[in-house]
Structure formats: C-alpha cells, structure tokens
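Undergrad: Fold the following.
(chains A and B)
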Amino acid sequence: MSQRARRSRRLLTGLFSVIAAGYVLPVAVVVINAFKKNSFVKTETFSLPDAESFAGFENFVKGMTFGNYPFVKSVLYSLTITLLSVGLILLCTSMAAWYMARVNNRFCRMLYYLFVFSMVVPFQMVMFTLSKTADRLGLNTPWTIPVVYLGFGAGLAVFLFSGFVKSIPRELEQAASIDGCGPIRTYFHVVMPLLRPTMISVGILEIMWIWNDYLLPYLVLDRNDYMTIPIHIQYLQGSYGAVDLGATMALILLSILPVVVFYLLCQKHIIKGVAAGAVKG
Amino acid sequence: MTKKRRTRGGPAAVGRYWPVFLLPTAAAFAIGFLWPFLQGIYLSFCRFTTTSNATFVGKENYTAAVSDPTFIHSFRLTALFAVVVLAAVNLIAFWVAYVLTQGIRGTGLFRTVFFMPNLIGGIVLGYIWSVLFDGILRVYHTSILLDGRFGFWGLVILQCWQQIGYMMIIYIAGLQSVPESMLEAARMDGASRWQTLVRVTIPNLMGAITICLFLTLTNSFKLFDQNLALTGGAPILFEAGADGTLRTIRSTEMLALNIYNTFYDQGSAARGVGQAKAVIFFLLVAVISLLQLRATRRGEVDQ
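TA: Down below sits the predicted model:
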C-alpha cells in the first residue's frame, strides 16, 4: 500500500469517527437528560447534568407511575404481544408456505399471490375496518391481538419462507415418508430444522416491526386497559407542556435500553435478516 | 396398501392436512387482511360513521377527497419529501457502504452505529428528535412546532438518520457480491478507481440500487409514526377559501397522517372521505411497487 493510500484511509477513519459520534448524539441526549431535573431539560438540553440540575434516579421513580398508568404494565404488554405474535407468525406461516409449495394446486397459487399482494397494501387502507373487525371478534386484548398480526403480517413471512422452501430437496421429505413419517412429523422433524436460518431472519424482521408498532395496537387494543411502550410514550407527549420531560426521557431510556442490548447481542443475525428481507419492497 | 404407504408423504397425502398447515394462516389472513381490505373498498363508496350503518353514495367521497385542499397539500408535501429523502439517503448510504467495503479501520463499529437507529421505533425517535431540535431552536427563540419549514427539514434529517444505515446494509451486501475477478480485470486494464466504480461496480449493483430506491420511496410515502411524534402536523395554517370560508391546513401533515386525521380528528362524518383517501393512497403505493417489480425484472434480464 502506498503512503498516500494509507493516509487517505486514516483520514476516512477519522471522518467516519466524527460522523459516528454525531450519529449517537440523539441517544446521548436521552441518557444525559434522563438524569436531569425537569425544568433543565428544555433550557440546557445539551449540557451534562451539574450539581444544580442533577436529579439522580428521581426521574425513573417518577416515570414509573407517570400519566396514571404504570410503565411496567406497558412493558409487559409489549413483551407479551411481541413474543406471542412472532411465535405464532413463525409457526403458522412456515407451515402454510411449505404446504402451498408442496401441494401447489390452483387454490394454493391464488392464495400465494394474495399473500404477496398484501405486502404492498399500506396499513391506512385497512386501519378502520380492521380495528372494527378485530373489536367484534374479541381480538382487542394482548393475548388475542397476535391473530391480527398473523393476518396482517402473513404476506412478508409467507413470501420469505416460500422462497426458501423451494430450495429444500424433496428427497429428504420422501426419505422421511418412506420411513413412515406422516406430513406432520415430516414437517417438524425434517423441514423445520432446515428452515432455522430463515426463521431467524423472519423472526428478527417481525420483532423489529411489532415491538415498535404504534398505530395497529393503538387502534385495535382496548385503550383504557392496555398500552404498549410506543402508545405510552405518545400518550405522554400528547399532554405536551404539562408533561415532565425528565421523567419522559427516563422512560425513553428504559425503553431503548433492551433494544440496544438485543441489537448488540444478535447484530449478525439482524443484519443478515435485513439483507434477506430487503427484497420485500 | 403398498401403494398407499408409498405416497404417504407425497403431495396427495399432504393435501389432506390443510386444516393443520394452511387453515390457521388463511383464516387469520381473511380476518386481518382480506375482509378489511374488501370492506374498505366498499366503504369508500359509502357514507358511514361505523361499519354497520353505511349507505351507498357512489363516487361522492372520491370527489370530496381530490378537492380537499388539505389532502392536496399533504400529497405535495409527501412527494417533495420523498424525492429529497430518496436522493439524500441513497447517495450517502452508497458512499458509506463503498467506504466501509474498502477495509478501513473501525468498519465493524461504524456499521453497528449507523444501523442502530433502525431498532428504535418511529414514535420514540420522533420524540427524541423533537427534544433535540427544540434544544437547538430554543437558542433562536423558536420551536420546531412554529414553522413548517423546520418541521419538514427536521423530518428529512430524522428520516436520513434512520434510513441511511438500512440502505447501507443492502448496498454492502451488493458490493460484496461484485465478482472479484471483474474488479481485478479492470485493474489489469489500467482503469482508475472512478472508472472501475462507474463501469464495473455500479452496473453490477443495479439490483441493490433498484431495491434501495423503491424502499426509500415507499417508506417515505408510508411515513406515519415519525410524522405524528415529531410535529403532529404543526403548525396549523389558516387560509381563506374561494368561497370566503376559513380553512385550516396542517403544514407538516403527510399523506398517511392526513388520512388518519380525516378518520379520527374531523368527527365521524368524514370517514367515507377518509376511506376514499386511503384507497387512493393504496393505489399510489401499489403503482410504485408495480414499477419496482418491472424495474427489477428488467435488471435481471440485462445481467
């Protein structure tokens, strides 16, 4: 490598370090302000807390019961909804995708195109009718809303699973059936283990979607009883002015902390999942 | 008996198991998508406050929707926003991806940092940035909620901050799949870096470029959470209509938020119009997606 090339590389590393620092600034602002007293968040947004403005963990304590709704409840509902929905989506859509690829009659092909079609439909198109339908069928609780997520989110999952199922050699399944396995055992013992990498990719994409989703749960869930983290944060912002900014920053910090940890732990899978899901459009 | 045994796992035998394999997904799909979609199309031709009291009114809602100044305003705003974000995100993301595939020090760390905003939801991001922008604008005795231009460019910055990392990942995957032998051949022929980039790398990347262009385009059109949390459409402008009535326009309200507000903010009388707007919105997004499909197909033939 020439002297010049090496210098320009070092320059690029320096430049990117500066950009990266700018990139984490918003998160840094959240961390700084979570420990500041309310009145200082607006006036000294970018300065570190000093002796006068430092609030310790007061904001976190206050935030827990802020807005007459315990934050812990929102966290638990978010967790419940995300885990149940993603589990249901992974199990049901992978089975459906395998079935449609293997049976491949006219009905299955039509259904497949409908799934693909649903990927291009924006949520606003169905938000009113979907929330009414969900309400009528009792799908408005954290334990039943996964059915709504399965229905509205099936398109992408089926599409991604189908792409992979087609590449599984049929010989494996035939061998299993000669050994006396019925379709159900064949699926769970032969196909599902092969689908594992795709399951991780689809799972990551669905987690990122459902954990952060705001409008669907906001319209579908019974608002007085159930909140998720995004609904909770938006609810607090709705009362802007009267709101305790320090406490809100503390809650935001608490809500992005698990996400950042999850990201750092599963970074490789997440990035692979995004690259795989990029075809969706 | 032997014949039956042999076909146990074959298509015919699998076919009988539809209640286990297909029914759960298909039923949820009917509830969560098909029925609401069809009902939504029907209701766009109706006057209604709830799904059970609809009366058919023909294309009245569509006429009202396309002549609604707030809808037209939000359409223009969204289109402008989409173009600005499309150009900014893709140019920067491509450049970042290009640099990060040259093996400079800290590549892994930079990639981690740039992608991170995608993990955080739109509502939380919007809230964080509103505090951030107000912290800056406060020095000039103003706020992001007081000027539509601030809201617009604030949203552009937010969207770039979030999307660059995502598109960077796709561009990196594309750049890594450019055959090393072609780059080697270009080098042997004495091509400069710039020539190699334009003549070899970019033509090999058309797939990734198409995906990223359309992804940023549809993401901008569908943007809702960030719009709601950052400004919520503020500030509200008052302007006199042709017939002398006072109209209100939310200056930073994009299409998705406009539809939402027509449904839930203007009282239930306007819901038919809201649904008609939603159908128009859907057609718009669908056309963009169809164009993408065609572009992708053509790219495949070219290669």
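Undergrad: alpha carbons only for contacts and neighbour counts from here, please
TA: Noted.
Undergrad: For the helix or strand containing A:Leu114, output the C-alpha coordinates as PDB.
TA: Per DSSP states H and E: A:Leu114 is located in helix A:106-118. Extracted C-alpha coordinates of helix A:106-118, given in PDB (Å, rounded to 0.1, in the frame of the first residue of the first chain):
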ATOM      1  CA  ARG A 106     -54.600 -23.700  -8.300                       C
ATOM      2  CA  PHE A 107     -56.100 -22.600  -4.900                       C
ATOM      3  CA  CYS A 108     -52.600 -22.500  -3.300                       C
ATOM      4  CA  ARG A 109     -51.100 -20.500  -6.100                       C
ATOM      5  CA  MET A 110     -54.000 -18.000  -5.900                       C
ATOM      6  CA  LEU A 111     -53.600 -17.700  -2.200                       C
ATOM      7  CA  TYR A 112     -49.900 -17.200  -2.600                       C
ATOM      8  CA  TYR A 113     -50.400 -14.300  -4.900                       C
ATOM      9  CA  LEU A 114     -52.900 -12.800  -2.400                       C
ATOM     10  CA  PHE A 115     -50.200 -13.000   0.300                       C
ATOM     11  CA  VAL A 116     -47.700 -11.300  -2.000                       C
ATOM     12  CA  PHE A 117     -50.300  -8.700  -2.900                       C
ATOM     13  CA  SER A 118     -51.000  -7.900   0.800                       C
END
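Undergrad: what's the offset of the helix or strand just after it from the middle of its chain?
TA: For helix A:106-118, the succeeding helix or strand toward the C-terminus, using DSSP H and E, is helix A:123-136. From the chain centre to the centre of helix A:123-136 is a distance of 20 Å (C-alpha atoms, centre = their mean, to the nearest Å).
Undergrad: what does helix A:123-136 rub up against?
TA: With contact meaning C-alpha atoms under 8 Å, 6 or more residues apart in numbering or on different chains, helix A:123-136 is reached by A:140, A:148, A:216, A:219-220, B:31-33, B:36-37, B:39-40, B:51, B:256, B:259-260, B:275, B:278-279, B:281-282.
Undergrad: Mind doing that once more with 6 Å?
TA: Helix A:123-136 is contacted from outside by A:Leu219, A:Val220, B:Pro36, B:Phe37, B:Ala278, using C-alpha atoms under 6 Å, 6 or more residues apart in numbering or on different chains.
Undergrad: out of those, what pair is the most spread apart?
TA: The span of the contacts of helix A:123-136, defined through C-alpha to C-alpha, is set by A:Val220 and B:Ala278 at 17.9 Å.
Undergrad: more neighbours, the two?
TA: B:Ala278 (29 against 23; other C-alpha atoms under 10 Å in any protein chain shown).
Undergrad: contacting residues around the more buried one?
TA: Counted by C-alpha under 6 Å, 6+ apart, B:Ala278 has contacts A:Gln124, A:Met125.
Undergrad: In which helix or strand does it reside?
TA: helix B:271-302.
Undergrad: SS state for residue 77?
TA: Because you didn't say which chain, this covers chain A. Here A:Tyr77 is helix, with the state taken from DSSP: H, G, I helix; E, B strand; the rest coil.
Undergrad: show me what contacts it?
TA: With C-alpha under 6 Å, 6+ apart, A:Tyr77 has these contacts: A:Thr228.
Undergrad: and if you look at the one 5 residues further on?
TA: Taking C-alpha under 6 Å, 6+ apart, we find A:Thr82 in contact with A:Ile210, A:Trp211.
Undergrad: give me phi/psi at B:Leu257?
TA: phi -70, psi -40 (degrees, to the nearest 10).
Undergrad: Check the gap between it and A:Ile229 for me.
TA: 20 Å (C-alpha to C-alpha, to the nearest Å).
Undergrad: cool, B:Ser44 as well?
TA: 32 Å.
Undergrad: Kindly report the same for A:Phe159.
TA: If you go by C-alpha to C-alpha, the gap between A:Phe159 and A:Ile229 works out to 29 Å.
Undergrad: picking that back up, now intersect the contacts of helix A:123-136 with the helices, please.
TA: A:Leu219, A:Val220, B:Pro36, B:Phe37, B:Ala278 (DSSP state H).
Undergrad: Using the three-state scheme, assign B:Gly58.
TA: coil.
Undergrad: Any stretches of the chain with poor pLDDT?
TA: Reading this off chain A. The model of chain A has pLDDT under 70 over residues A:1, A:238-242, A:279-281.
Undergrad: I was thinking of chain B, sorry if that wasn't clear
TA: Those would be B:1-12, B:241-245, B:299-303, if you go by pLDDT under 70 across chain B.
Undergrad: wait, is A:Cys181 part of a strand?
TA: No. Counting by three-state DSSP, one finds A:Cys181 to be coil, located in no strand.
Undergrad: and it, how many neighbours does it have?
TA: Counted with other C-alpha under 10 Å, A:Cys181 comes out at 18.
Undergrad: With just CA atoms, put stretch B:201-209 into PDB.
TA: These are the backbone C-alpha positions of stretch B:201-209, laid out as PDB (Å, rounded to 0.1, in the frame of the first residue of the first chain):
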ATOM      1  CA  THR B 201     -19.200  -1.800  -9.800                       C
ATOM      2  CA  ILE B 202     -22.400   0.200 -10.400                       C
ATOM      3  CA  PRO B 203     -23.600  -1.900 -13.300                       C
ATOM      4  CA  ASN B 204     -23.300  -5.000 -11.100                       C
ATOM      5  CA  LEU B 205     -25.200  -3.300  -8.400                       C
ATOM      6  CA  MET B 206     -28.400  -2.400 -10.300                       C
ATOM      7  CA  GLY B 207     -30.400  -4.900  -8.300                       C
ATOM      8  CA  ALA B 208     -29.400  -3.400  -4.900                       C
ATOM      9  CA  ILE B 209     -29.900   0.100  -6.300                       C
END
